[in-house]
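K.L.:
give me coordinates for this.
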Amino acid sequence: MRTLFSRPARTATAAFAAALALSACGGGDDPTISSGSDGGSAQASPVAGIDAEHNDADIMFITMMKPHHEGALAMAELADTRAESPAVKALADKIMAAQDPEIEMMNKMATAWGVDLEAEVEGGAGHSMSSGDDTTALEPLTGKKFDREFLTRMIAHHEGAIEMAETQLADGVNPQAKQMAADIMESQAAEIEEMKSLLAAA
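P.N.:
The predicted structure is shown next:
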């Protein structure tokens, strides 16, 4: 049965789908994007371990997922000094340990494909994927109130990431990006179940 995602997750996913559709407008039938094809692209460089093959969906995936991950890290970093539950702190540490390397991998993909992620985000492509509102809401909270709000918001955040990963698996062509999407779906689905259990006990 398909999960019924919360409103924040649906909003993030809709933004991702809209941006992907917009990026495809005017594109040809060739799924590979040549370096420097638009104002937001940089010069492509060979990167060890990164396949050069990519399309609009691959570019949009890293453009949107990187700030989404950075938003999760900003939320998770607050748990060290604000969370009461050791389990919530451990979960936050696990999220950071998983998503930091994925951010680095996305930076490598951007280099290999000649994509300037900072320019893309400044242009608005990744703005809706960040979690500034979530972090702002969490900052004044401590103890059990923080734990409950953190878990609630991170569940929605993970659900949005899973839907973006589903889109990547369906539309992307780069093998590393597709593997990352599969990993995100598996790891974050497991973390959602863990967070739901923690939230029920909070």
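K.L.:
which stretches of this protein have low pLDDT?
P.N.:
Scanning the chain with the threshold set as pLDDT under 70 gives 1-42, 120-131.
K.L.:
which parts of it are helices?
P.N.:
With DSSP state H, the ranges of helices along the chain come out as 7-24, 56-82, 86-113, 117-122, 132-138, 143-171, 175-201.
K.L.:
so which of the ones you listed comes closest to Gln43?
P.N.:
Nearest to Gln43, of all those, is helix 86-113, at 9.3 Å by Cβ to Cβ. The C-beta positions use only the backbone N, C-alpha and C, and glycine is treated the same way.
K.L.:
quick one, that closest one and helix 143-171 angle?
P.N.:
30 degrees (axes from the mean of the first three to the mean of the last three Cα atoms, to 10 degrees).
K.L.:
give the buried residues for helix 86-113.
P.N.:
87-89, 91-92, 95-96, 98-99, 102-103, 105-106, 108-113 (16 or more other Cβ atoms under 10 Å).
K.L.:
what's the answer for stretch 192-202, then?
P.N.:
So for stretch 192-202, counting by 16+ other Cβ under 10 Å, buried means Ile192, Glu194, Met195, Leu198, Leu199, Ala202.
K.L.:
so the second one sits against Leu91, correct?
P.N.:
Yes. Between Glu194 and Leu91 there is a contact under Cβ atoms under 8 Å: 6.5 Å.
K.L.:
check contacts around the residue nearest the centre of the chain.
P.N.:
The centroid of the chain falls nearest to Met65 when counting by Cα atoms, centre = their mean (3.0 Å). Counting by Cβ atoms under 8 Å, 6 or more residues apart in numbering, Met65 makes contact with Glu102, Met106, Met129, Ala161, Met164, Ala165, Ile184.
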